[in-house]
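Give me the fold of what follows.
(4 chains)
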Protein chains: 2
Amino acid sequence: MRILPTVPVRGSPHAALPLRARDAQSGSCSGCSCGTTWLSSGLDDGDLGHLETVVSARRRVARGTMLFKAGDPFHAVYAVRSGCMKSVVTRKGGAEQVSGFYLVGELLGLDGMGRGRYDCSAIALEDSVVCVLPFPLVEQLAHERPSFQHRLYAVLSREISRNHNVMLLLGTMRAEERLAAFLLSLSSRLARRDHSPFEFSLRMTREDIGSYLGLTLETISRLFGRFRDAGLLEIDQRKVRIRDHAGLKALLSQDEALAG
Amino acid sequence: MRILPTVPVRGSPHAALPLRARDAQSGSCSGCSCGTTWLSSGLDDGDLGHLETVVSARRRVARGTMLFKAGDPFHAVYAVRSGCMKSVVTRKGGAEQVSGFYLVGELLGLDGMGRGRYDCSAIALEDSVVCVLPFPLVEQLAHERPSFQHRLYAVLSREISRNHNVMLLLGTMRAEERLAAFLLSLSSRLARRDHSPFEFSLRMTREDIGSYLGLTLETISRLFGRFRDAGLLEIDQRKVRIRDHAGLKALLSQDEALAG
DNA sequence: CGAATGTTTGATGGTCATCAATGTAGGTGG
DNA sequence: CCACCTACATTGATGACCATCAAACATTCG
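Down below sits the predicted model:
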């Protein structure tokens, strides 16, 4: 196996966590569950064993700071180990949009593979820790383990599918439906991580949500109010409690309900 | 090399073109330039040589018919050899949206790798021919040729980047900007295929364009009128002639122009 | 040629952005 | 501990932008 190129630490001045680096190099990364979500389903244990050799280090990202910036050279993919991140695309004109939120166990930075440069910036929504997966190593491991390879294709492709859903959301849904879809998606993603699907805390601001959904922060705020009044959910600042899951779902297929 | 699994022909009843199948199996696919666009840049000739072994067949797709349907099992990726295709995502509610247009030389079907099923349908905008790239073979070739592998990652990742741009478009641009962006993108993609960037013919209806841009067909029609009146372009039905390329570009960075 | 499909153009209104003002949490230093 | 400050959230008033509905026109195709 080729020697690990030291991963250049970029972006935030906080740098990598040196205290865990030795663990990582020895292949332990104990307690790091980052692999179990994005590559595990469908993998046998043998493949998971190899994943550890890819996790070369972890890195702490303080709230509000950038893990990487659009235009930075692409060296690694990251898995969120704790905390929460957002990715932001920027237009030449200067307009920005949140292009995704990344919860514990989810992967970010995949978009950088194409040009060799990240095309969006990653910013921590709260103090977070990510696992660094240097791309040359990912590539090599993929080459050695066909099932890992397959899994990697799947991850990339699923990112494309996810984007299709966002395009549908932005292109065809009205504000209410967008927020309902967003909340349901968040809920199910959290549920996958042994979190309650009905009670959680938003890590992002109304503005972030609005940007992601193509709406303004005021509209988001009003919608939360409307949802509360309709008995769909309770909301206190960022604490959300879903009261009527079915009701939220019903918002999505409204047109069908009327048509049928 | 493993034996080529016969590619199951799905979707349209038109099936594969038998007359060229022999060519393809012998590895010639003469005149098929589909590979030269999506995998060529940056590849040496040696790799291109291998591409031919992947192109197992071509398939004719009549205007308005489906190459594959959302939910169909994923077996192959397709490269447009002639004609033009669109992809369509469908919501459970029934709402549809055009998620992309594919010109000669471009790849479609990548989104199917994740779940093993296509998550959008591909429909021909005019009588078209596609090259069939059976996925097991693509995978195998990628495994054998690291540079091909790399190229494949790049293609997938670039699709993600492309989607980010569409999300930006749908999330932050107003109708005028969206159409300008669309026309400029089309223009530059055609230019890459030795086509004139200033004079071309739209293969899709106003409704398709509207769906893709998150607008209605009437809005598209009105915008074309406005662009014509502003001297930005000439348009006669589907024939477009760009008269003021800079003017179109200016529409995109409008806010910046005002801010700066 | 007729029928189907796609396009243009007009009138009207809904949805959501914008502007503006007030209210609330969370952190910091006196 | 309180006062303060900053960031975030709520709520209201107004109108822009674009969807919707409707009708006439053009083009393509069988």
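
Now for residue A:204: which residues touch it?
Residue A:204 is in contact with A:84, A:86, A:98, A:101, A:125, A:212, counting by CB atoms under 8 Å, 6 or more residues apart in numbering or on different chains. Glycine gets a C-beta too; all of them are placed from N, C-alpha and C.

for the longest helix along chain A, which positions count as buried?
Counting residues, the longest helix found in chain A (DSSP state H) is helix A:146-172. Buried residues in helix A:146-172, counted by 16 or more other CB atoms under 10 Å in any protein chain shown: A:148-164, A:166-172.

likewise stretch A:103-117?
Across stretch A:103-117, burial judged by 16+ other CB under 10 Å covers A:103-114, A:117.

Which members of the contacts of residue A:204 are positioned in helices?
Short answer: the contacts of residue A:204 in helices (DSSP H) are residue A:212.

With neighbour count added, can I get the contacts of residue A:204 in CSV?
Output for those, formatted as CSV (neighbours: other CB atoms under 10 Å in any protein chain shown):
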residue, neighbour count
A:84, 20
A:86, 22
A:98, 22
A:101, 23
A:125, 19
A:212, 25
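
Relative to chain B, which of the contacts of residue A:204 is nearest.
residue A:212 (7.8 Å; CB to the nearest CB).

okay, the spatially closest residue to the closest one that is not a sequence neighbour: pLDDT?
Among residues not flanking residue A:212 along the chain, residue A:98 sits closest, at 4.1 Å (CB to CB, 6 or more residues apart in numbering or on different chains). Per-residue confidence (pLDDT) for residue A:98: 98.

can you pull the contacts of residue A:98?
Counting by CB under 8 Å, 6+ apart, residue A:98 touches A:86-88, A:204, A:208, A:211-212.

How about it: which residues does it bridge to?
When assigned by DSSP bridges, residue A:98 has beta-bridge partners residue A:88.

ok so, going back, now, the buried residues of stretch A:103-117 that are in strands?
Among these, the ones falling in strands (DSSP state E) are A:107-108.

could I get the buried residues of stretch A:103-117 as CSV with pLDDT?
Shown next, in CSV, are these (pLDDT from 0 to 100):
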residue, pLDDT
A:103, 96
A:104, 94
A:105, 91
A:106, 93
A:107, 94
A:108, 94
A:109, 95
A:110, 92
A:111, 89
A:112, 91
A:113, 88
A:114, 81
A:117, 95
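
And the buried residues of stretch A:103-117, which is closest to residue A:74?
Comparing the buried residues of stretch A:103-117 against residue A:74 with CB to CB picks out residue A:112 as the nearest, at 3.3 Å.

Looks like that closest one contacts residue A:122 (just checking).
No: the criterion here is CB atoms under 8 Å, and residue A:112 misses it with residue A:122 at 10.0 Å.

where does the stretch 151-260 of chain A have low pLDDT?
A:254-260 (pLDDT under 70).

Now do the strands in it.
Using DSSP state E, counting those that start in this stretch, the strands assigned to the stretch 151-260 of chain A run over residues A:199-201, A:233-236, A:239-242.

Can you check which of those strands gets nearest to chain B?
So among these, strand A:239-242 is nearest, using CB to the nearest CB, at 19.4 Å.

mind saving the C-alpha coords of that closest one as PDB?
Extracted C-alpha coordinates of strand A:239-242, given in PDB (Å, rounded to 0.1, in the frame of the first residue of the first chain):
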ATOM      1  CA  LYS A 239     -36.900  22.600  19.200                       C
ATOM      2  CA  VAL A 240     -39.400  20.800  17.000                       C
ATOM      3  CA  ARG A 241     -41.900  18.300  18.000                       C
ATOM      4  CA  ILE A 242     -43.900  16.600  15.300                       C
END
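
Direction included, what does it pair up with?
The strands beside strand A:239-242 in its sheet (DSSP bridges) come out as strand A:199-201 (antiparallel), strand A:233-236 (antiparallel).

That one near DNA strand C anywhere?
No: contact between strand A:239-242 and DNA strand C is absent, the nearest approach being 9.1 Å (criterion: CB under 7 Å from any atom of the strand).

The buried residues of helix A:146-172 also near chain B: which ones?
When contact is defined as CB under 8 Å from any CB of the partner chain, those meet chain B at A:149-150, A:153-161, A:163-164, A:166-168, A:170-172.

List the contacts of residue A:200.
Counting by CB under 8 Å, 6+ apart, residue A:200 touches A:186-187, A:190, A:239-240.

Spell out which parts of the stretch 101-250 of chain A neighbour chain B.
So the stretch 101-250 of chain A meets chain B at A:110-115, A:119-120, A:139, A:143, A:146, A:149-150, A:153-161, A:163-168, A:170-173, A:211-214 (CB under 8 Å from any CB).

contacting residues for the closest residue to residue A:154 other than its chain neighbours?
Distance criterion CB to CB, 6+ apart; nearest residue to residue A:154, sequence neighbours excluded, is residue B:114 at 4.9 Å. Contacts for residue B:114 (CB under 8 Å, 6+ apart) come out as A:153-158, A:160-161.

Residue A:90 too?
Applying CB under 8 Å, 6+ apart to residue A:90 gives the contacts A:70, A:96, A:120-121.

Name the residues contacting each of residue A:112 and residue A:122.
residue A:68.

where does residue A:96 sit relative to residue A:171, distance-wise?
Residue A:96 sits 19 Å away from residue A:171, going by CB to CB, to the nearest Å.

Out of the contacts of residue A:90, grab the one that's most surrounded.
Most neighbours among the contacts of residue A:90, by other CB atoms under 10 Å in any protein chain shown: residue A:120, with 27 neighbours.

close enough to count as contact, it and residue A:111?
Yes: using CB under 8 Å, residue A:120 is in contact with residue A:111, at 6.1 Å.

between these two, what contacts are shared?
Residues touching both residue A:120 and residue A:111 (CB under 8 Å, 6+ apart): residue B:164.

How about the contacts made by the residue most central in space within chain A?
The residue lying closest to the centre of chain A (CA atoms, centre = their mean) is residue A:102, at 1.8 Å. Residues near residue A:102 by CB under 8 Å, 6+ apart: A:80, A:84-87, A:108, A:122.

Can you add distance to DNA strand D and give those residues back as JSON lines?
Formatted as JSON lines, the contacts of residue A:102 follow (distance: CB to the nearest atom of the strand, whole Å):
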{"residue": "A:80", "distance to DNA strand D": "20"}
{"residue": "A:84", "distance to DNA strand D": "13"}
{"residue": "A:85", "distance to DNA strand D": "15"}
{"residue": "A:86", "distance to DNA strand D": "12"}
{"residue": "A:87", "distance to DNA strand D": "17"}
{"residue": "A:108", "distance to DNA strand D": "20"}
{"residue": "A:122", "distance to DNA strand D": "17"}
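
Which one of those residues is nearest to DNA strand C?
Ranked by distance to DNA strand C (CB to the nearest atom of the strand), these are led by residue A:84 at 15.6 Å.

Contacts only, for the closest one.
By CB under 8 Å, 6+ apart, the contact set of residue A:84 is A:101-104, A:124-126, A:128, A:203-204.

Pipe the strands paired with strand A:239-242 into JSON lines and attach distance to residue B:60 per row.
Shown next, in JSON lines, are the strands paired with strand A:239-242 (distance: least, CB to CB, whole Å):
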{"stretch": "strand A:199-201", "distance to residue B:60": "51"}
{"stretch": "strand A:233-236", "distance to residue B:60": "52"}
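
thinking again about what came up before, the residue nearest to residue A:212 and residue A:74, how far apart?
From residue A:98 across to residue A:74, the span is 20 Å (CB to CB).

burial of residue A:174, as a residue count?
Residues near residue A:174, counting by other CB under 10 Å, number 11.
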